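Enquirer: Generate a structure from the sequence data that follows.
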Amino acid sequence: MSRVLGDYLARARELRSAGVAFVSVSLVEAQGHVPQDVGAKAIVSIEGLVWGTVGGGRLEARAIDHAREMLARADPRPESVRYELLRDLGMVCGGAATLYYEVAEAARWKVAVFGAGHVVQTLLPLVASFDCDVTCIDPRPEWISRLPAKKNVHAEVVADPAAAVRRLASGSFCLSITQGHATDLPVVRELLAWGEAAFIGVIGSEPKSRALRAALLQEGFSREAVAAIRCPLGLPIGRNDPAEIAVSIAAQLLQVRDELGGSTRWHHLLAEHEAGVEAS
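Expert: Modelled structure (predicted):
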């Protein structure tokens, strides 16, 4: 698999994991002089260009506009559009390009919480108010029973929470907020072994973070995988009480979701790619 295709698949996977709809645009046919080779690809979200290029200049501007129109009308059907570059776009290089547009509809954001204690009792109603599905897993029925009854919340009593990891949806944001290091470690170990979580966060202090990472490294997990764990979980805001900790965690979830999902800065990333091509 080429590096470009690998980059495309990785970016598309990130967007799907974050629940962001996008359009994949591919140059499938070219006649005469066109500013890119057949096989060139771009990814467009509702905010604009996210990755890649199908030629820059007016052709790409038209492709971005068309892709955004498809997302705005929520039409999942693929489309193939042929552009005569001089006639349709005023590009003096002439030629013709056929672009294939394919919509990848947004996968619903999934959040999995291991633990149902004091912080989670405050956190879960807040996260459940977002446009997401939440799964909460804890071995204690008395704590699970206190969670809010909402249609997007699935609460489950599981004697061994780590055993529930591989039943989660790929791309889930996973939080380990259990009773302590001894119960967090098996969950995080299984999450790393699974390898399908978009986010792994663990509640705790800096000393706990060091102990957790040391244990995982000793077990043979890569430094890169261990370094990606967010521990302490939450943004460095607020005080040390359940309500404010919950707000800091919810804020971090939104922050990471938006970073993965293509916030407004992404459409500037390649928008000026080879800006002079249209004059060719």
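Enquirer: what residues are up against Thr135?
Expert: Contacts of Thr135 were listed using Cβ atoms under 8 Å, 6 or more residues apart in numbering, and they are Lys110, Val111, Ala112, Val113, Val153, His154, Ala155, Glu156, Leu168, Ser172. Backbone N, C-alpha and C define where each C-beta goes, glycine included.
Enquirer: ok, 6 Å please
Expert: With contact set as Cβ atoms under 6 Å, 6 or more residues apart in numbering, Thr135 has these partners: Ala112, His154.
Enquirer: did I read that right, it in a strand?
Expert: Yes: inclusion of Thr135 in a strand is indicated when DSSP: H, G, I helix; E, B strand; the rest coil is applied.
Enquirer: What ranges does the stretch 51-200 of the chain have for its strands?
Expert: Across the stretch 51-200 of the chain, reading from the start of the chain, the strands by DSSP state E, counting those that start in this stretch fall at 79-84, 96-104, 109-114, 132-138, 153-157, 173-176, 199-202.
Enquirer: Out of the ones you listed, the one nearest Gly32 is which?
Expert: When the strands of the stretch 51-200 of the chain are compared by Cβ to Cβ, strand 96-104 sits nearest Gly32, at 6.3 Å.
Enquirer: which helices and strands does that closest one pack with?
Expert: Strand 96-104 sits against strand 22-31, helix 57-72, strand 79-84, with contacts defined as 3 or more Cβ pairs under 6 Å, 6 or more residues apart in numbering; DSSP states H and E.
Enquirer: Mean neighbour count added to the ones you listed, as a markdown table?
Expert: What follows is these, written out as a markdown table (neighbours: other Cβ atoms under 10 Å):
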| stretch | mean neighbour count |
| --- | --- |
| strand 22-31 | 20 |
| helix 57-72 | 19 |
| strand 79-84 | 14 |
